[in-house]
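Asker: What would the 3D arrangement of this be:
(chains A and B)
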Protein chains: 2
Amino acid sequence: MAAHSIARAGLVGGGVIGAGWAARMLLNGIDVAIFDPDPEIERKVQTVLAAARRAWDKLVPGALPAQGHLRLASSVEDAVADADFVQESLPEREDLKIAILARIDAATRPDVVIGSSTSGLLPTRLQSGMAHPERLVVGHPFNPVYLLPLVEICGGAQTSTQTRDRAAAFYSAIGMHPLHVRKEIDGFIADRLLEALWREALWLVNDGVATTEEIDDAIRFGAGLRWSFMGTFLIYRMAGGEAGMRHFLAQFGPALKLPWTKLEAPELTQELIDAVAAQSDDQAGDMTIRALERQRDDCLIAVLSGLRGQDYGAGQTLASYARRLMEQAPAPLASSIDEGRPLALHATDVAPEWIDYNGHMTEHRYLQVFGDTTDALLRHIGVDAAYLAQAGSWFTVETHIRHLGETHAGDRLVAATQILGADAKRAHVFHSLFRGSDGQLVATAEQMLLHVSKDTGRAGPATGVPAARMAELATAQADLPVPDGAGRRISLG
Amino acid sequence: MAAHSIARAGLVGGGVIGAGWAARMLLNGIDVAIFDPDPEIERKVQTVLAAARRAWDKLVPGALPAQGHLRLASSVEDAVADADFVQESLPEREDLKIAILARIDAATRPDVVIGSSTSGLLPTRLQSGMAHPERLVVGHPFNPVYLLPLVEICGGAQTSTQTRDRAAAFYSAIGMHPLHVRKEIDGFIADRLLEALWREALWLVNDGVATTEEIDDAIRFGAGLRWSFMGTFLIYRMAGGEAGMRHFLAQFGPALKLPWTKLEAPELTQELIDAVAAQSDDQAGDMTIRALERQRDDCLIAVLSGLRGQDYGAGQTLASYARRLMEQAPAPLASSIDEGRPLALHATDVAPEWIDYNGHMTEHRYLQVFGDTTDALLRHIGVDAAYLAQAGSWFTVETHIRHLGETHAGDRLVAATQILGADAKRAHVFHSLFRGSDGQLVATAEQMLLHVSKDTGRAGPATGVPAARMAELATAQADLPVPDGAGRRISLG
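Answerer: Here you go, the predicted structure:
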């Protein structure tokens, strides 16, 4: 079934990283045996698995294979004896890893690849106690392992090319992005960069320059947004303007001598300048600075829009800025509503996560927007927390949706609601959804709402202000023309 | 109109940063006068302004005020004489900045704040030639200035508190996130972190460990995704698992002595541990590790979904993984399907996050399940990645949902699909959704699917295996009774 031949994985170590591996593999349909002496291991793995399941149900709804089987092993040997792939995620102690890897090696079929999650210990050292050292390779993931794609692949002096390739193929098959570290070095590539930043950050706290929160903010409101899709070299190529990387190095080269970090820079020799510029040219390929800038901006728009939906970090800055702009803008639609016309009660932006693999808004998100529109109508007629708690509310019993156009991430959607009729228990409503930028009608939803009484849990008449307001609205709109598409039945005709 | 009193800004320096400031201010309705001796200045600013306009039209469609007026000034003095706020964005040469800031100071009203865009030069030095040094403050932005919210505010020895506050208020009003750098230091906060990472990256190229592209990939597929919304301290707090920051420092403290970067770490004294842990507690506030992890995952989902829409970086990894999952998905439950009966192609459990404030599954989640059922039908008749890429697919144009029962978290839902009819371009299907535990029918969805051809983007006949299989199914099910509720129209009746 899968693109790899791994049916059973053996995991040794079940901390944050080991449990993350377990979750990623189980979700990919792989049976997992895991050993960790922690008595809480099962609860911890199940907690991470639940988080992973929740995340992937949002990312690829319905597409995951049947979940693999999780088994708690009784020993290191028990975890790996049967495995087609082994992943070790023990604490970062070289002596401990060497000893346990030797035991794993002795208990596992010799053709099985053994990956180590070490963040920076050298594989040449880690494989030193193994009888089959050629099958040990570093596969260094990032937390949360079940969501972040990066995995660094680094072999030691005795690691075979086949081992590296098989590990990379397996990690790819379970949704990751393998990065081959060609030269064995402490910390590999990613953690050398992370560690430099982390140590500088600790100095800032140590020297009383900034707090942990200020330091975090210095990243997440600025450069961190870019780093989610482009690294420093490509970003700095653009900072050089139309003249690119050489211009950047000429402009900011002298800053390498300034005390802007406690880390000394290498000498910016002509040789280093030539290497960086040539590699940067290769990396950019045929993308001009202008094309790169557009890609950068589109990614930033996507990331900021996504975070805006979370109302978090830079997304919160954007959301409050947008609210201020709206408040300052001339009073929109709602302030003086003419109830004899269709009502403008709800508007929203298409979030990036509403987009499906075809690049359009997924069909059920239309119903989400229509549902929010119905909620706005109910609030408009006075259904509040007290009414919900004491009287009841209207619930949808029937919905007829027509799709008339496509919408894309970032599109503004504006709904208009017409009341086609109402009686004591029921309301017949028709929502039209327009794209804000060009006014195009993209979808309609006709709904029958049924009032359910709180005390009986069954259909029953609305009461109080909401009952009166719903009736008023129905009367005020009784003479409006029936909208195109109302009362349709589905038929091949 | 605006929350600030800045009607006219004077900008000195029109490189990537200066032009970015011009764009951000113009979009916020501020008139801008800019001086730069570059004869191409107008074209460069207009190019950046067009990019900024395009970005903000996507982020806050229709909400921006009328654009400010752009004027090309003939000299430094001409740019700032009239200004309510001045921003200097010259190259990073201290002597040049001191000299020009003195000229700006002499030509500007004494109550006007002067911001410097320097990435790391000390404001105490920059203000040394000014007659009114109290109004000089660093306002350090990040490229692209028109999109990234961060601006570091740093005063020199003579800068007044009022200047800092006024600068922060102004930058906030134009959509930015001011970060006060409380202790004057070379490189401020952000660039000390960026510069440490950058110098380590240059060492990696210098020492032949990795190329610029490999180094960029080591960030953008991993830690960079997290940094778009959380900084290193909060991220590492979670890496400590349920025991938090102190556990993380105990676990990874020893790695500070390892040669994982060329930067030496500060001594991890008890005092430093206490400071980091206490500040981290303050920063996390009342959010538990579990709540932080959920926030992290939701933000990662939003960021990954956004980048998937761009098919770039980690979004590309996700998109190709999702495509592979679809290709590998087995012909579902299907093994021995009787095609003359309604088809059981999809089943799912009701997830906790599908429940609304009434305790029932939210209405749009029903359509999500029905949409997944239609996807399962399409896979069943042979719509795979190749067909999607070359021929097209069926899309929903109309849906009629009836709600007949309630469902709760954990309920198993099983769908049955009947083909009511099909022609070359259309398929008329009827899904029934049953609760697995008691077989109760909880909802139905009648849908009209329209085949859209890949090459034209318009309705067109299906082809190949899927066309044949759809026709076969329609024939095999032609004599089944029409299900109750099919062909309904919504009416108060």
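Asker: switch to C-alpha atoms for all contacts and neighbour counts from now on
Answerer: Noted.
Asker: For the helix or strand hosting residue A:379, name the packing helices and strands.
Answerer: Under the criterion DSSP states H and E, the helix or strand holding residue A:379 is helix A:363-380. In this structure, helix A:363-380 makes packing contacts with strand A:343-349, strand A:412-422, strand A:441-453, helix B:363-380, judged by 3 or more Cα pairs under 8 Å, 6 or more residues apart in numbering or on different chains; DSSP states H and E.
Asker: What lies in contact with the third one?
Answerer: Going back to what we said before, that points to strand A:441-453. Residues outside strand A:441-453 that contact it (Cα atoms under 8 Å, 6 or more residues apart in numbering or on different chains): A:366-367, A:370, A:391-407, A:425-435, A:458-462, A:486-487, B:490-491.
Asker: Identify the residue nearest residue A:217 in space, chain neighbours excluded?
Answerer: Taking Cα to Cα, 6 or more residues apart in numbering or on different chains as the measure, residue A:217 lies nearest to residue B:231, with 6.6 Å between them; neighbours along the chain are not counted.
Asker: still on that earlier bit, what angle do strand A:343-349 and the helix holding residue A:379 make with each other?
Answerer: Taking axes from the mean of the first three to the mean of the last three Cα atoms, to 10 degrees, one finds that helix A:363-380 is oriented at 140 degrees with respect to strand A:343-349.
Asker: contact partners of helix A:363-380?
Answerer: A:345-346, A:348, A:354, A:394, A:401, A:415, A:417, A:431, A:443, A:445, A:466, B:363-365, B:367-368, B:371, B:396.
Asker: rerun at 6 Å
Answerer: A:345, A:346, B:364, B:367, B:368 (Cα atoms under 6 Å, 6 or more residues apart in numbering or on different chains).
Asker: coming back round to it: tell me the confidence at the residue nearest to residue A:217?
Answerer: At residue B:231, the pLDDT value in this model is 98.
Asker: That one touches residue A:214, doesn't it?
Answerer: No: using Cα atoms under 6 Å as the test, residue B:231 is too far from residue A:214 to be in contact (9.3 Å).
Asker: More neighbours: which of these two?
Answerer: For residue B:231 versus residue A:214, the count of surrounding residues by other Cα atoms under 10 Å in any protein chain shown is larger for residue B:231: 23 against 19.
Asker: quick one on the thing from earlier: among the contacts of strand A:441-453, which ones are in strands?
Answerer: Secondary structure assignment by DSSP state E places A:392-403, A:426-435 of the contacts of strand A:441-453 in strands.
Asker: Check these one by one and keep those near chain B.
Answerer: Filtering the ones in strands among the contacts of strand A:441-453 for proximity to chain B by Cα under 6 Å from any Cα of the partner chain leaves A:397, A:398, A:399, A:400, A:401, A:402, A:403.
Asker: Any idea how many residues pack against the last one?
Answerer: The one in question is residue A:403. Around residue A:403 sit 18 other residues, with neighbours defined as other Cα under 10 Å.
Asker: Please apply the same query to the one 4 residues further on.
Answerer: A count of nearby residues for residue A:407, using other Cα under 10 Å, gives 20.
Asker: Who are the contact partners of it?
Answerer: Residue A:407 sits in contact with A:360, A:361, where contact means Cα under 6 Å, 6+ apart.
Asker: if you set the cut-off to 8 Å instead, what comes out?
Answerer: Each residue near residue A:407 by Cα under 8 Å, 6+ apart is listed here: A:350, A:360, A:361, A:435, A:442.
Asker: Just grab the bridge partners of the fourth one for me.
Answerer: For residue A:435, the beta-bridge partners are residue A:413 (DSSP bridges).
Asker: shouldn't it be in contact with residue A:408?
Answerer: No: here residue A:435 does not reach residue A:408: they are 10.0 Å apart, not a contact under Cα atoms under 8 Å.
Asker: what number of residues lie near residue A:458?
Answerer: Residue A:458: 12 surrounding residues under other Cα under 10 Å.
Asker: Kindly report the same for residue A:11.
Answerer: Under the neighbour criterion other Cα under 10 Å, residue A:11 is assigned a count of 29.
Asker: ok, what's across the strand from it?
Answerer: Listed beta-bridge partners, residue A:11: residue A:34, residue A:87 (assigned using DSSP bridges).
Asker: does chain B sit close to the longest helix belonging to chain A?
Answerer: The helix that spans the most residues within chain A, counting by DSSP state H, is helix A:289-310. Yes: taking Cα under 8 Å from any Cα of the partner chain as the criterion, helix A:289-310 and chain B are in contact, through A:294, A:297-303, A:305-307, A:309-310.
Asker: That helix: how far from the chain's middle?
Answerer: The offset between the C-alpha centroid of helix A:289-310 and the centroid of the whole chain comes to 14 Å, using Cα atoms, centre = their mean, to the nearest Å.
Asker: buried stuff in it?
Answerer: Burial within helix A:289-310, assessed by neighbour count using 16 or more other Cα atoms under 10 Å in any protein chain shown, is assigned to A:289, A:292-293, A:295-310.
Asker: And the closest residue to chain B within the stretch 1-150 of chain A, how far from residue B:211?
Answerer: At 4.9 Å from chain B, residue A:150 is the closest residue in the stretch 1-150 of chain A, using Cα to the nearest Cα. If you measure residue A:150 against residue B:211 using Cα to Cα, to the nearest Å, the figure is 17 Å.
Asker: ok, the two, which is more surrounded?
Answerer: Neighbours of residue A:150 and residue B:211, each counted by other Cα under 10 Å, are more numerous for residue A:150; the result is 29 against 22.
Asker: Surely that one touches residue A:176?
Answerer: Yes: applying Cα under 8 Å, one finds residue A:150 in contact with residue A:176, separated by 6.0 Å.
Asker: Neighbours of residue A:57, how many?
Answerer: Around residue A:57 sit 14 other residues, with neighbours defined as other Cα under 10 Å.
Asker: what's the answer for residue A:479, then?
Answerer: Other residues within reach of residue A:479 by the criterion other Cα under 10 Å amount to 11.
Asker: Give me the secondary structure label for it.
Answerer: The three-state label for residue A:479, taken from DSSP: H, G, I helix; E, B strand; the rest coil, comes out as coil.
Asker: tell me the phi and psi of it?
Answerer: Here the main-chain torsion angles of residue A:479 (degrees, to the nearest 10) amount to phi -100, psi 0.
Asker: which of the helices and strands packed on helix A:363-380 has the lowest average pLDDT?
Answerer: Out of these, the stretch the model trusts least by mean pLDDT is strand A:343-349, with a mean of 87.
Asker: Identify the residues contacting it?
Answerer: A:333-334, A:337, A:369, A:372-373, A:376-377, A:380, A:409-418.
Asker: Let's see that with 10 Å instead.
Answerer: Contacts to strand A:343-349, defined as Cα atoms under 10 Å, 6 or more residues apart in numbering or on different chains, come from residues A:305, A:309, A:332-334, A:337-338, A:369-370, A:372-377, A:379-380, A:408-419, A:431-436, A:473, B:58-61.
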